[in-house]
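Student: Any chance you could fold what I've pasted below:
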Amino acid sequence: MKILHAVIAVSVMALASMMYSLTASPPEKDGPVAAPAAEEFIIRDARIFDGEKVLPRASVHVRDGLIVAVGVDIPVSKDIEVIEGAGRTLLPGLIDAHVHTWGDARRDALRFGVTTELDMFSAHQQLAAAKLERTSLAATDQADSWSAGTLATAPGGHGTQYGMDIPTVSAPEQASAWVAARKAEGSDYIKIVREDLHVYTGKQDMPTLDDATAAALVRAAHDQGLRAVVHASAQASARQVLRDGADGLVHVFQDAPADDDFIALARERKTFVVATLSVIAGFAGERQTLSDDTRLVAFLSQGQKQTLQSRMAVGHANPALIANARESVRRLHAAGVTLLAGTDAPNPNTAHGVSLHQELEELVRAGLSPQESLAAATSIPAKVFSLQDRGRIGVGLRADLLLVEGDPTVDITATRAIAGIWKNGHRVDRSLAADKATMTLRKGIVGDFDAETLDSTGKSGWLATTDKMMGGASTVELSRIANGADGSAGALRISGEIAGGAVWPWAGAMYSPGATAMAPVDAGTATELVLHARGDGREYSVMLFSGAQARSMPAMLVIHPTAQWSEFRLKLDDFPGADKTMLRAVGFTAGAPAGPFQVDIDAVEIR
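Tutor: Model prediction:
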């Protein structure tokens with residue numbers, strides 16, 4: 001989520017994921033679902049880019065998840081599976097050096113050949129499991145992850161606006177204890193934020209760490225054996241953190257092209273820069289073309305399509321931002337500064353996995369050769385972050401492999417023509433893990449609330465939901481009241497308080513029409529969602545959760561109920577991106593601004 005973190009889009013993605021986590025039944029069994037492959041196979045006579053150099057024709061022998069031989073004439077027995085590589089190029093599994101691993105992120109990544117992701121801010125509770133997974137050679141359906149866990153930011157600073165409870169840093173003397181707490185949680189490195197938004201909005205819109213506190217965090221990270229990486233959108237901040245000893249920047253800054261002084265400092269300090277040109281291009285107003293590429297589109301989930309098409313919520317499109325960033329990358333590369341490929345997915349204009357293919361093309365556009373671009377997504381991030389068992393094709397290394405049609409060392413877009421992906425030596429099933437609607441929606445009333453009491457287990461099928469599941473503090477209560485709309489016997493009152501401190505706070509109610517929570521139903525013949533509502537005049541979001549993946553972002557429309565009962569007729573086709581054939585839930589929530597809210601709903605009907 002960095003650069004500006006696409007405040008609304010990312011928050012809605014997290015909202016969808018967390019609502020699903022709250023309501024969905026747990027799977028019967030955890031474990032890998034990727035299609036199993038033969039334990040031993042040979043990819044024969046392929047062009048190989050081994051992460052550093054090109055082998056014009058060679059074969060790779062894999063056994064038990066590891067590469068056991070690389071050479072021209074590898075003997076083949078009749079019991080070994082052979083995959084023909086003629087006309088194809090074999091690459092190490094790709095590494096995205098800047099992501100945020102919410103929801104289905106790592107599954108989405110793996111479908112596009114990204115076998116490792118370097119997370120730059122996500123929930124620390126997932127770190128212990130990620131550490132175990134990346135040591136395993138078992139079949140899996142998701143990429144491995146290294147993570148910063150919780151980022152270092154000032155009180156009220158960038159990263160605190162997403163509804164999560166973020167421990168902040170306000171003075172240099174707090175740095176050592178703060179870093180120690182992150183290390184105890186399992187952070188693999190420390191992410192430091194120097195961001196006040198002035199590059200995007202023209203003024204300081206957010207507090208940020210001061211120089212002394214940021215420098216103390218760098219020292220504390222190094223003292224405790226961790227790398228210190230920094231988010232900085234302005235060159236002056238980037239220059240200062242390099243002087244303080246930071247190991248690298250997780251974005252290239254955008255306010256001006258890198259000047260001679262910065263370049264000399266970066267070379268002297270042997271730092272690295274994760275370019276993240278894809279997300280900067282989106283912020284500048286450019287539109288990605290990935291969702292139009294026939295080699296890719298069939299493998300995009302609904303959530304990926306939505307983040308690729310979404311737009312930044314802060315500031316105005318400014319073409320100078322990407323022009324400055326591309327020129328900085330060009331200058332840094334010419335000077336020999338280490339560059340890494342990263343996307344900042346799932347921010348607007350990006351999506352996990354697929355956007356790394358766009359980033360490779362961006363790097364070539366900025367002056368890297370195709371081979372240098374591929375190294376920036378394989379061997380170089382592996383070396384920079386000490387990922388010793390991956391990023392190259394070599395004997396004894398993990399068999400994370402990507403086979404593509406054509407030659408991406410000449411035409412970088414050939415990485416999109418994927419012929420096969422192997423994770424831990426197991427072939428990856430690229431098909432979308434989609435649910436199927438096993439029942440058709442019975443059109444009609446889904447909430448009349450006429451019974452004298454609400455169902456104690458489900459509130460007549462309506463469940464309370466708040467941002468507390470993301471560390472927020474908003475509250476809600478669902479209660480039945482007498483005398484509903486048009487003289488009906490009762491209605492549902494949704495009341496509570498929206499707490500401040502997050503860009504996307506929420507509280508409200510949701511209803512799942514399927515047999516179980518979030519199970520999809522086919523509502524393809526339905527045309528309208530009709531409800532009666534009265535309230536306090538504030539804005540309320542009506543959400544449709546739908547699509548092949550349960551964690552897809554909801555489509556939303558807003559209404560403004562006033563003190564008198566009113567009928568609201570919302571055409572289902574007007575909900576942007578909704579898939580009526582896979583309807584999962586209807587949500588009705590209050591959001592910002594902070595403060596108390598109360599709204600009554602009745603006669604909720606899908607027609």
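Student: tell me the strands in the stretch 251-400 of the chain, going along the chain?
Tutor: Here the stretch 251-400 of the chain has its strands, by DSSP state E, counting those that start in this stretch, at 272-274, 338-340.
Student: Please identify the deepest-packed of those strands.
Tutor: strand 272-274 (a mean of 26; mean count of other Cβ atoms under 10 Å). (Glycine included, C-beta is placed from N, CA and C.)
Student: in its sheet, what does it sit against?
Tutor: Next to strand 272-274 in the sheet, as set by DSSP bridges, lie strand 248-249 (parallel), strand 338-340 (parallel).
Student: what does the longest one rub up against?
Tutor: I take that to be strand 338-340. With contacts defined as Cβ atoms under 8 Å, 6 or more residues apart in numbering, strand 338-340 is touched by 97-98, 248, 270-275, 329, 332-333, 363, 368, 376-377, 380-381, 384.
Student: mind checking which of the strands paired with strand 272-274 is nearest A181?
Tutor: strand 248-249 (22.3 Å; Cβ to Cβ).
Student: tell me the average confidence for the closest one?
Tutor: Taken as a whole, strand 248-249 has a mean pLDDT of 98.
Student: Let me have the strands of the stretch 251-400 of the chain in TSV, extended by distance to A281 and mean pLDDT.
Tutor: Shown next, in TSV, are the strands of the stretch 251-400 of the chain (distance: least, Cβ to Cβ, whole Å; pLDDT from 0 to 100):
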stretch	distance to A281	mean pLDDT
strand 272-274	15	98
strand 338-340	16	98
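Student: Tell me which of those strands sits nearest to M553.
Tutor: Set against M553 and scored by Cβ to Cβ, the strands of the stretch 251-400 of the chain come closest in strand 272-274, at 25.4 Å.
Student: returning to what we had before: the strands of the stretch 251-400 of the chain: which one's closest to F575?
Tutor: If you check each of those against F575 by Cβ to Cβ, strand 272-274 wins as the nearest, at 35.7 Å.
Student: Contact partners for L151?
Tutor: By Cβ under 8 Å, 6+ apart, L151 lies in contact with 120-121, 159, 166, 191-193, 231.
Student: The spatially closest residue to D73 that is not a sequence neighbour: neighbour count?
Tutor: Leaving aside its chain neighbours, D73 sits nearest to S59 (7.9 Å; criterion: Cβ to Cβ, 6 or more residues apart in numbering). As a burial measure, S59 scores 23 neighbours (other Cβ atoms under 10 Å).
Student: that's a helix at S59, yeah?
Tutor: No - assigned with DSSP: H, G, I helix; E, B strand; the rest coil, S59 falls outside any helix and is strand.
Student: got a list of what it touches?
Tutor: 42-46, 69-74, 85.
Student: of those, closest to S176?
Tutor: Using Cβ to Cβ, V70 is the member of the contacts of S59 that sits closest to S176, with 45.4 Å.
Student: In three-state terms, how would the closest one be classified?
Tutor: With three-state DSSP as the basis, V70 sits in strand.
Student: rewinding a little: filter the contacts of S59 down to the buried ones, ChimeraX style.
Tutor: The following ChimeraX line selects those of those that are buried, judged by 16 or more other Cβ atoms under 10 Å:
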select :42,43,44,45,46,70,74,85
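Student: Now render the contacts of S59 as a markdown table, adding pLDDT and distance to L402.
Tutor: Formatted as a markdown table, the contacts of S59 follow (pLDDT from 0 to 100; distance: Cβ to Cβ, whole Å):
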| residue | pLDDT | distance to L402 |
| --- | --- | --- |
| I42 | 97 | 16 |
| I43 | 97 | 11 |
| R44 | 96 | 16 |
| D45 | 96 | 17 |
| A46 | 97 | 11 |
| A69 | 97 | 19 |
| V70 | 97 | 15 |
| G71 | 95 | 20 |
| V72 | 93 | 21 |
| D73 | 86 | 24 |
| I74 | 91 | 19 |
| G85 | 97 | 12 |
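Student: Dump the contacts of S59 to TSV, plus distance to A485.
Tutor: Output for these, formatted as TSV (distance: Cβ to Cβ, whole Å):
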residue	distance to A485
I42	69
I43	65
R44	70
D45	72
A46	67
A69	73
V70	72
G71	76
V72	78
D73	80
I74	75
G85	67
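Student: Kindly tell me how buried the closest residue to D400 other than its chain neighbours is, as a neighbour count.
Tutor: Nearest residue to D400, sequence neighbours excluded (Cβ to Cβ, 6+ apart): G93, at 3.1 Å. Residues lying near G93 (other Cβ under 10 Å) number 27.
Student: need the contact list for G93.
Tutor: Applying Cβ under 8 Å, 6+ apart, we find G93 in contact with 113-116, 378, 390, 400-402, 421-423.
Student: Okay, the residue most central in space within the chain and V99: tell me how far apart.
Tutor: Note on the chain: the residue nearest the mean C-alpha position is P346, at 3.4 Å, using Cα atoms, centre = their mean. Distance of P346 to V99, given as Cβ to Cβ, to the nearest Å: 8 Å.
Student: okay, and the common contacts of these two?
Tutor: Counting by Cβ under 8 Å, 6+ apart, the shared contacts of P346 and V99 are 105, 352.
Student: Relative to the centre of the chain, find the outermost residue for me.
Tutor: Residue farthest from the centre of the chain, counting by Cα atoms, centre = their mean, is G487 at 46.8 Å.
Student: could you point out where the stretch 351-500 of the chain is predicted with low confidence?
Tutor: Counting by pLDDT under 70, the stretch 351-500 of the chain shows low-confidence ranges at 433-436, 438, 452-460, 469-472.
Student: Would you map the helices across it?
Tutor: Taking DSSP state H, counting those that start in this stretch as the test, the helices found in the stretch 351-500 of the chain are 354-365, 370-375, 379-384.
Student: Show me what the last one is packed up against.
Tutor: Applying 3 or more Cβ pairs under 8 Å, 6 or more residues apart in numbering; DSSP states H and E, one finds that helix 379-384 makes contact with strand 94-99, strand 114-119, strand 338-340.
Student: Packing partners of the helix or strand containing A238?
Tutor: Assessed by DSSP states H and E, A238 sits inside helix 235-243. Where contact means 3+ Cβ pairs under 8 Å, 6+ apart, helix 235-243 is packed against strand 190-194, helix 211-223, strand 228-232, strand 248-249, helix 260-269.
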